[in-house]
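Q: Quick check, what structure comes out for this input:
(2 chains)
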Amino acid sequence: GESVGLHLPTLSVQEGDNSIINCAYSNSASDYFIWYKQESGKGPQFIIDIRSNMDKRQGQRVTVLLNKTVKHLSLQIAATQPGDSAVYFCAEKTQAGTALIFGKGTTLSVSS
Amino acid sequence: NAGVMQNPRHLVRRRGQEARLRCSPMKGHSHVYWYRQLPEEGLKFMVYLQKENIIDESGMPKERFSAEFPKEGPSILRIQQVVRGDSAAYFCASSGPPADTQYFGPGTRLTVL
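A: The predicted model follows:
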């Protein structure tokens, strides 16, 4: 899901900066959220996930924040590297559902 | 530890021909999902299958598209009488239990001439 005002289709950062990619989801019944990274010509690659009983989860250089009150999800990438350049998608799913619902992607460009 | 495998990676068909896309799930996974991605867009769910069963086909077009996941062998997404609008990237994902993370294959890029 995505919402006007929160979703930026592109984000350009300098190498070493921290990146924040935002996503607004649409279904208040969604209880599972995933961030995927998609490089050109490749399939989506799992980055990190979070369930609705949490509001923050950390991985290696990445943090996902979930705000259920405003139905907002963000992905923070620390010390962004050129290899992080890709399109990033958030996806949501309900407990009863099987399909992932993808938001519109954000293209992250990292310059050296 | 092979991930999700898809073949062919690229497929070119003329209008009216049939397209067959194959997907082998990750080892140990018995749940397969197919998604379609148009240029500059996110992925759209098509169908969810377990071995020998279609569980959810709510995203499948009503005509020309079918999917199967036989007891032996890969899952197949079949598009009959392709049209130019079928040109897209088709991705397969697999998971263990359906509540778990879906891992994606590299996709098949279908071009209809």
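
Q: mind listing the strands for the chain?
A: Reading this off chain A. With DSSP state E as the criterion, chain A has strands at A:10-14, A:19-24, A:30-38, A:45-51, A:56-58, A:62-67, A:72-77, A:86-94, A:101-102, A:106-111.

Q: hmm, I had chain B in mind actually
A: B:5-7, B:10-13, B:19-24, B:31-37, B:43-50, B:53-56, B:65-68, B:75-79, B:88-95, B:103-104, B:108-112.

Q: And the third one, what's buried?
A: Neighbour counts using 16 or more other Cβ atoms under 10 Å in any protein chain shown place B:A19, B:L21, B:R22, B:C23, B:S24 of strand B:19-24 among the buried residues. All C-beta atoms are positioned from the backbone trio N, CA, C, and that covers glycine.

Q: Check the contact between the last one and B:M5; I expect there is one.
A: Yes: under the criterion of Cβ atoms under 8 Å, B:S24 lies in contact with B:M5, with a separation of 4.2 Å.

Q: intersection of neighbour lists for those two?
A: Counting by Cβ atoms under 8 Å, 6 or more residues apart in numbering or on different chains, the shared contacts of B:S24 and B:M5 are B:P74.

Q: Near chain A, which residues of chain B? Just list them.
A: For chain B, the residues in contact with chain A (Cβ under 8 Å from any Cβ of the partner chain) are B:4, B:6, B:33, B:35, B:41-45, B:48, B:55-56, B:58-59, B:91, B:93, B:98-99, B:101-107.

Q: how about 7 Å then?
A: B:42-43, B:45, B:48, B:55-56, B:59, B:91, B:98, B:101-107 (Cβ under 7 Å from any Cβ of the partner chain).
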